[in-house]
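**Q** no sequence for this one, just the structure:
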């Protein structure tokens, strides 16, 4: 079965650079979520989109922005990168927005390293 | 606000022994509860989920969890541990909202 695809899988950037992470949800899934997992930490919710509209926002820095496109893929744009942004970034998708019962399927993550 | 507490950041069990990973939640409304497993350098895989149907939920790889409202608990169990069960396990809650709130995780070690 098709899973959530994230690219790139690994990314190395310098401080103050920008990065763009991409997420391709499972086919027919209309909701995308972004999470950040720091080293040894639990995943923290960043932002979510339903039908190309932002549906919820968590602890996402102002330096980050995201959007969902007409084909439902999503991109997380990160600017002025800081050392503390080094983390594993997960994208998850689900099939509808019916109050939490729908399972979020996670991608393999993008490991961002900021030097 | 909802939250999840996992008791024990590290749990060690012998191969073949019972696995018990503890999770307590806090929520003002009936929650949806999940257990996810994360193998080293990999993504999060759903083990099982509770969505207000049966209180005993069976998942993949022989795991199951029981929702106990009176104890606000959702402990994960497996009768017999296998070496391949060694991983990080996250309990998570979703209160009819978009985002999942994860616990801090429990690293399960399997002793030969």
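**A** Noted; the coordinates are in hand. Given the structure is predicted, the values throughout are model-derived calculations rather than measurements.
**Q** And the next helix or strand past the helix or strand where residue B:90 lies?
**A** In this assignment (DSSP states H and E), residue B:90 forms part of strand B:87-94. Proceeding N to C from strand B:87-94, the next assigned helix or strand is strand B:101-102, under DSSP H and E.
**Q** Provide the strand pairings for that following strand, with the direction of each partner.
**A** If you go by DSSP bridges, strand B:101-102 pairs up with strand B:87-94 (antiparallel).
**Q** what sits up against the strand it pairs with?
**A** Here strand B:87-94 makes contact (CB atoms under 8 Å, 6 or more residues apart in numbering or on different chains) with A:42-43, A:100, B:2-4, B:6, B:21, B:23, B:25, B:27, B:31-40, B:44, B:47, B:74, B:76, B:100-103, B:105-108. Using the backbone N, CA and C atoms, a C-beta is placed for each residue, glycine as well.
**Q** Is the residue minimising distance to the centre of chain A part of a helix or strand, or is it coil?
**A** With distances taken as CA atoms, centre = their mean, the residue of chain A nearest its centroid is residue A:34 (3.1 Å). Here residue A:34 is recorded as strand under DSSP: H, G, I helix; E, B strand; the rest coil.
**Q** Can you give me the pLDDT of it?
**A** Residue A:34 carries a pLDDT value of 96.
**Q** Need the nearest residue in space to it, chain neighbours excluded.
**A** residue A:46 (4.2 Å; CB to CB, 6 or more residues apart in numbering or on different chains).
**Q** Can you tell me the number of residues neighbouring that neighbour?
**A** Residues lying near residue A:46 (other CB atoms under 10 Å in any protein chain shown) number 22.
**Q** Contacts only, for it.
**A** A:33, A:34, A:35, A:36, A:57, A:58, A:59, A:60, A:64, A:66, A:76.
**Q** who does the last one bridge with?
**A** Here residue A:76 sits in beta bridges with residue A:21, residue A:66, as judged by DSSP bridges.
**Q** Pull up the residues of chain B that are close to chain A.
**A** B:32, B:34, B:36, B:42-46, B:49, B:51, B:90, B:94-105 (CB under 8 Å from any CB of the partner chain).
**Q** Give me the residues contacting stretch B:34-44.
**A** So stretch B:34-44 is contacted by A:43, A:90, A:92, A:103, A:106-109, B:21, B:23, B:45-50, B:59, B:63, B:65, B:74, B:76, B:87-94, B:100, B:102, B:105 (CB under 8 Å, 6+ apart).
**Q** Filter those residues down to the buried ones and hand me the PyMOL line.
**A** To isolate the buried ones among those in PyMOL, judged by 16 or more other CB atoms under 10 Å in any protein chain shown, type:
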select buried, (chain A and resi 43+90+92+103+106+107+108+109) or (chain B and resi 21+23+46+47+48+49+50+59+63+65+74+76+87+88+89+90+91+92+93+94+100+102+105)
